[in-house]
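**Q** quick one, what's the 3D model for this:
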Amino acid sequence: MSTNLFDLHGKIALVTGASRGIGEEIAKLLAEQGAHVIVSSRKLEDCETVARLIKEAGGSAEAYPCHVGRLDDIQGVFQHIRSRHGRLDILVNNAAANPYFGHILDTDLASFEKTVEVNLRGYFFMSVEAGKLMREHGGGAIVNTASVNALQPGDKQGIYSITKAAVVNMTRAFAKECGPCGIRVNALLPGLTKTKFAGALFEDQAIYEAWMTKIPLRRHAEPREMAGTVLYLVSDAASYTNGECIVVDGGLTI
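**A** As a prediction, the model looks like this:
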C-alpha cells in the first residue's frame, strides 16, 4: 500500500474555473500528484493553455469548456466525461462570478441573476451530476471554493457574499446525503488572494490597506497557497473529512 497519502495516480479530476488564478493552481497541483485533470472554464483557448502547461511539466490533462451558469454546458461536460473516461473521482467547483461591486441597495437584477446562476445553481448541478457518476463507481470527492465572505460579508460584495454563504450550507447538505454513497464533500474558504477575480480589492489602495490591518500575517495570499488545502481534501489524507469548510485566510477571521 502506498504511504503517499496525497498520491492521485489513476484519478480523474474535473476543475472548473481552471484557466487562471486559484483554479489554475489547483489543476496544476492535482496533476503534479498524478491525477488526469480536465481543465474547464468558459473559453476553450484559455483551458488549452493551462492543459498544455500541465503536459509540458509531465502531467496529464485535457481541456474542455464549460460555463457552469448554463445547464446545457454542464450536461455537455458530463456527457464527455462519461463517454471518454466512464467515471469521475474528483470535482473541484471553483468557477465563480462577481459582476457587481457596490452598495447592496443598488444591486441590479442582471448582476443578481448572474451571481446566483454561477455561484449557486452552477455549483449545485455540477455536484449533482458529479455525484451521480461517483455513486455509480463507489464514491469520490467534491470540493467547493467558497470564501471568507461566507462568514463575514464583504463590503460592497453583498450578493456575492450571500451566494458564498449558501455554498457553505450546500457543501454540508451534499456531505450529509452523499456520505453514505462514499462521496465526501468539503469546501475551501479563501481569504484575500491575488487574482484577477479579486482585482477590485487590490486596485483600491484604501480597501487593500484596510484588509492588511485585519490579517495577522500582514499580507495577501498567492493562488498557489490555496491549492494545498484542496489537494488534502481530495486525497486519502482526508478520507474521514466530510462536510468541513476550511478557512485559509492568514488569520483574518480570528
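**Q** residues touching the nearest residue to residue 136 once chain neighbours are set aside, list them.
**A** Excluding the flanking residues, the one nearest residue 136 by Cβ to Cβ, 6 or more residues apart in numbering is residue 87, at 7.4 Å. No exception for glycine: its C-beta is placed from N, CA and C like everyone else's. Residue 87 makes contact with 12, 81, 133, 134, 136, 137, according to Cβ atoms under 8 Å, 6 or more residues apart in numbering.
**Q** cool, residue 177 as well?
**A** For residue 177, the contact set (Cβ under 8 Å, 6+ apart) is empty.
**Q** I'd like to know how far it sits from residue 183.
**A** Distance of residue 177 to residue 183, computed by Cβ to Cβ, to the nearest Å: 9 Å.
**Q** about what we covered before: drop anything exposed from the contacts of residue 87.
**A** Buried members of those, scored by 16 or more other Cβ atoms under 10 Å, are 12, 81, 133, 134.
**Q** now these as JSON lines including distance to residue 195?
**A** Formatted as JSON lines, those follow (distance: Cβ to Cβ, whole Å):
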{"residue": "12", "distance to residue 195": "26"}
{"residue": "81", "distance to residue 195": "26"}
{"residue": "133", "distance to residue 195": "29"}
{"residue": "134", "distance to residue 195": "28"}
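**Q** which of those residues fall within strands?
**A** When the buried ones among the contacts of residue 87 are checked against strands (DSSP state E), the matches are residue 12.
**Q** would a markdown table of the buried ones among the contacts of residue 87 with distance to residue 65 and pLDDT be doable?
**A** Compiled in a markdown table, these are given as follows (distance: Cβ to Cβ, whole Å; pLDDT from 0 to 100):
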| residue | distance to residue 65 | pLDDT |
| --- | --- | --- |
| 12 | 18 | 98 |
| 81 | 13 | 98 |
| 133 | 19 | 98 |
| 134 | 22 | 98 |
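**Q** need the strands for this structure, in chain order.
**A** Secondary structure of the chain (DSSP E): strands at 12-15, 36-39, 60-63, 90-93, 140-145, 183-190, 245-248.
**Q** in JSON lines, list these along with distance to residue 122.
**A** Formatted as JSON lines, the strands of the chain follow (distance: least, Cβ to Cβ, whole Å):
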{"stretch": "strand 12-15", "distance to residue 122": "13"}
{"stretch": "strand 36-39", "distance to residue 122": "16"}
{"stretch": "strand 60-63", "distance to residue 122": "19"}
{"stretch": "strand 90-93", "distance to residue 122": "8"}
{"stretch": "strand 140-145", "distance to residue 122": "11"}
{"stretch": "strand 183-190", "distance to residue 122": "15"}
{"stretch": "strand 245-248", "distance to residue 122": "18"}
